[in-house]
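1. predicted coordinates and the sequence they were generated for:
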Amino acid sequence: MKVRVLVSLKPGVLDPQGRAVHHALEGLGFSGVEDARVGRTIDLDLADGTSDEALTEMCEKLLANTVIENYRIEKLD
Amino acid sequence: MAFRSAVITFPGSNCDRDMAVAIEQVSGTAPHRVWHGDAQLPDGLDFIALPGGFSYGDYLRSGAMAANSPIMREVIRAAERGVPVLGVCNGFQVLTEARLLPGALMRNAGQNFICRTVALKVENAQSLFTSGYEAGQEIRIPVAHHDGNYFADAETLDRLEGEGRVAFRYAEACNGSQRDIAGVLNAAGNVLGMMPHPERAIDPAHGGTDGRALFEAAIRSLADA
């Protein structure tokens, strides 16, 4: 079972990396970039039958720091 | 009475030796050196230090992997029993990731690694770590970090301030930390995390000795207990 976990900074949390990417895009001449936020993708290959509870626990305990980050789980197959 | 302390070394720690030297110079007793994979801490510890560095190459998030290493389960248990735990720099990041301290340490607001001596204001001079300072005193301690930008939600920050759990604030612009927070205490007051490095300011040859009082206070608190 392939699962993708997308981790992003919570809205309102300053993202210096995203801001630098935003400025760099503007520097390259791309206009109309309103904002950029940088996140992280973690692809997991899980044994069939891994429970949603276990997956949530993985996210909460390690993959995301819920003080500053949100996460979203996508099942790929 | 000998001061029984331990310095934990994770793969990628690089201030563990400095921490051990500082503790030995101030207390007169060399700390136990404990490896991250050890299942147990030495018995009867008076003090545990989590040093600076780049544990596990800062993989995932600074401190995230170390916070889940075998020895941290023991450190958390010791902290819950009231053993003083000091986390400096990466050690502070590990303490927040282990949820012994609230908040998180994010990339510095200016994106740069900051390595210089900064002025700090002592906010709480009552804790076992800070009783050697005066409230409001300005001290100079080196910082060296990329991820020292302290973040917590407004409610948590209000609570920390209301409960006197902000130990130190930056007295000059540094890394973008919310409310200039440089060091925080847990609710019980026996766990301190701070980005500046007191172990790098204990000998006149370091260029300053303002960190020494922190270790002296911790040792004195044990003698008084």
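-> Received, thanks. Values in this document were obtained by computation on a predicted structure and should not be read as measured data.
2. the residue lying closest to residue B:192 once chain neighbours are set aside: what secondary structure?
-> Leaving aside its sequence neighbours, residue B:192 sits nearest to residue B:129 (C-beta to C-beta, 6 or more residues apart in numbering or on different chains; 4.6 Å). The way it works is simple: take the backbone N, C-alpha and C, and place the C-beta from them, glycine included. Classification of residue B:129 using DSSP: H, G, I helix; E, B strand; the rest coil returns coil.
3. ok, residue B:45 next?
-> Residue B:45 ends up coil, using three-state DSSP.
4. picking up where we left off before, contacting residues for the residue nearest to residue B:192?
-> Residue B:129 makes contacts with B:84, B:86, B:167, B:185, B:192, B:214, B:217-218, as judged by C-beta atoms under 8 Å, 6 or more residues apart in numbering or on different chains.
5. out of the residues you listed, which is most surrounded?
-> residue B:214 (32 neighbours; other C-beta atoms under 10 Å in any protein chain shown).
6. dump the residue contacts of it.
-> So residue B:214 contacts B:86, B:129-130, B:132-133, B:198 (C-beta under 8 Å, 6+ apart).
7. how about residue A:58?
-> Here residue A:58 is in contact with A:5, A:44 (criterion: C-beta under 8 Å, 6+ apart).
8. separation between whichever residue of chain B sits closest to chain A and residue A:56?
-> Chain A sits closest to residue B:104 of chain B, with a gap of 4.4 Å, by C-beta to the nearest C-beta. From residue B:104 over to residue A:56 the distance is 20 Å, taken as C-beta to C-beta, to the nearest Å.
9. mind checking which of those two has more residues around it?
-> Neighbours per residue (other C-beta under 10 Å) separate residue B:104 from residue A:56, with residue B:104 holding more: 22 against 12.
10. residue A:67 is in contact with the more buried one, correct?
-> Yes: the pair residue B:104 and residue A:67 passes the contact test of C-beta atoms under 8 Å, sitting 4.4 Å apart.
11. now for these two: what residues contact both?
-> Contacts common to residue B:104 and residue A:67, judged by C-beta under 8 Å, 6+ apart, are B:96, B:151-152.
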